[in-house]
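*Asks:* Here you go, sequence then predicted model.
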Amino acid sequence: MALTADAWADGGKAATLITSAFVTRIHTEERGGEQVATGVTWRDGGSSETRREDAAVVVLAGGCTENPRLWLNSGLPDPNGWVGRGYTDHAFDWVIGSFDSDTGNSKGAASSARADFPGYGGLENVGLTPGLQAFSMLLSESGIRGEYTNGRGPTGAWDGSAGRLVGPELKEFMGEGIDRLLNILVISDDDVQAENRVTLSAFPADEHGPVAKVTFPRRQRTARTTANRDFLAGKAAEILRGAGAKRIYRIDWAPLLLHVQSSMRMGASEDDSVLTPEAEARWVRRLFIADNSALANSLGGPNPTLTAQAVATRTAEKIFQRYFEGAPWVVSEAPVVSTDDRITERVLELGP
Ligand SMILES: Cc1cc2nc3c(=O)[nH]c(=O)nc-3n(C[C@H](O)[C@H](O)[C@H](O)COP(=O)(O)OP(=O)(O)OC[C@H]3O[C@@H](n4cnc5c(N)ncnc54)[C@H](O)[C@@H]3O)c2cc1C
């Protein structure tokens, strides 16, 4: 959208996309007793040249790991210690059932139904192709069913103890093909844990400076997060049973940082957030964050990207109002969609 802004917005200015640009420093200065962001230094990965941009406002969107790294490499303040803290994911799990009839598992839209359990998280049916089906069934915290459990192997509404299937059991489960399976993905409402965090690593720096170290004791989730996951796995098994599944297995999936949130979280309290509720850095004026790291928490379980995009839109309005004397537009204007003909035509004009 930004590349074609001159084609669809009155006075719109098209952005230039430099795919190899990497920001290495945020610049600030003192103004009226406050620290204020004034621009960035970035490195062109193609030419290795370093350039500086000055700006009225700086917006970070480097993700949950790189935003805190950039902040710390820029020597920006962290008075409450929450820069990089509260790195939150979703403690996923899979519950899978086998059926007598065709489920269409490997065909069509991958995910088209969802059930939310407020306070616990959500469940999504997910159709999987063979490689992804294997991936979902091969990673287990509970080891191999019937062989070892890593001290886990929870039991519940599913058949037997949770774990990975091998041998005759796997053969039987898969015997009638992938399109007799139905997968339910558990996405729990995870607590924010201060000990999950990004710091600067002691390992050698790369061409952009000291690298990030992510500390994430994923096997030490809070009792509430663990209980939410167990509750949802039970619900998933009940749904599959109700739909007529012959066998139901819980995988107890091993931790995987896939939905990540809140390492530079916004919040109402100055004690445990980096950003104000308007997504502006508490200790650096004119510095905003507009990606998943700005989210306050794991959102109660849903896939995070649409919420992050909605918050980024809200943040754009706040910036426009506060620093460019603009008026909010979301409630009064219809959005231009990215499939608009003017955009398609301009993209074709711009070429590859
Ligand atoms: C396998 C997989 C499946 C997923 N499926 C879903 C899904 O179905 N639904 C959903 O909602 N979410 C899904 N997610 C999560 C989704 O990808 C994230 O929510 C989303 O990408 C996060 O966006 P972000 O802008 O915070 O960070 P990113 O997408 O990580 O973007 C950060 C960008 O900043 C760049 N960058 C970093 N540092 C710098 C720097 N210093 N200078 C310049 N650029 C920099 C990075 O190269 C990157 O392009 C999935 C994730 C994975 C891995």
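*Replies:* Nice, I can see it.

*Asks:* Could you give the number of residues near the residue lying closest to residue 139 once chain neighbours are set aside?
*Replies:* Nearest non-adjacent residue to residue 139, counting by CB to CB, 6 or more residues apart in numbering: residue 254, 4.3 Å away. Using the backbone N, CA and C atoms, a C-beta is placed for each residue, glycine as well. A total of 16 residues lie near residue 254 under the criterion other CB atoms under 10 Å.

*Asks:* ok, now residue 215?
*Replies:* Residues lying near residue 215 (other CB under 10 Å) number 12.

*Asks:* Wait, it touches residue 200, no?
*Replies:* No. Contact between residue 215 and residue 200 fails when scored by CB atoms under 8 Å: they sit 11.6 Å apart.

*Asks:* thinking again about what came up before, mind listing what the residue nearest to residue 139 touches?
*Replies:* Shown in contact with residue 254 (CB atoms under 8 Å, 6 or more residues apart in numbering): 139, 140, 141.

*Asks:* Could you look up the SS state of it?
*Replies:* coil (DSSP: H, G, I helix; E, B strand; the rest coil).

*Asks:* Could you check how far it is from residue 89?
*Replies:* The spacing between residue 254 and residue 89, counted by CB to CB, to the nearest Å, is 12 Å.

*Asks:* what does residue 184 give?
*Replies:* 19 Å.

*Asks:* same question, residue 342
*Replies:* In terms of CB to CB, residue 342 sits 39 Å off from residue 89.

*Asks:* Check whether residue 315 really touches residue 287, as I assumed.
*Replies:* No. The pair residue 315 and residue 287 does not pass the contact test of CB under 8 Å, sitting 11.6 Å apart.

*Asks:* ok, the nearest residue to residue 211 once chain neighbours are set aside - contacts?
*Replies:* Take residue 211 and drop its neighbours on the chain: the residue closest to it by CB to CB, 6+ apart is residue 201, 4.9 Å away. Residues near residue 201 by CB under 8 Å, 6+ apart: 210, 211, 212, 213.

*Asks:* The second one: neighbour count?
*Replies:* In other words, residue 211. 16.

*Asks:* how about the helices in the stretch 251-352 of the chain?
*Replies:* 305-323, 341-350 (DSSP state H, counting those that start in this stretch).

*Asks:* nearest to the ligand, of the ones you listed?
*Replies:* Proximity to the ligand (CB to the nearest ligand atom) singles out helix 305-323 among those, at 3.2 Å.

*Asks:* Distance from the chain centre to that closest one, please.
*Replies:* 17 Å (CA atoms, centre = their mean, to the nearest Å).

*Asks:* which helices and strands sit right next to it?
*Replies:* Under the contact criterion of 3 or more CB pairs under 8 Å, 6 or more residues apart in numbering; DSSP states H and E, helix 305-323 touches strand 287-289.

*Asks:* switch the cut-off to 7 Å
*Replies:* Using 3 or more CB pairs under 7 Å, 6 or more residues apart in numbering; DSSP states H and E, no helix or strand is in contact with helix 305-323.

*Asks:* ok, and for that helix, which residues are buried?
*Replies:* Residues of helix 305-323 classed as buried by neighbour count (16 or more other CB atoms under 10 Å): 308, 311, 312, 315, 316, 317, 318, 319.

*Asks:* What parts of the stretch 201-350 of the chain come near the ligand?
*Replies:* Neighbours of the ligand within the stretch 201-350 of the chain, by CB under 6 Å from any ligand atom: 258, 259, 291, 292, 303, 304, 305, 308.

*Asks:* Tell me how many other residues crowd the spatially closest residue to the fifth one that is not a sequence neighbour.
*Replies:* When you say that, I think you mean residue 303. Nearest residue to residue 303, sequence neighbours excluded (CB to CB, 6+ apart): residue 259, at 6.4 Å. Applying the criterion other CB under 10 Å, we find 20 residues in the vicinity of residue 259.
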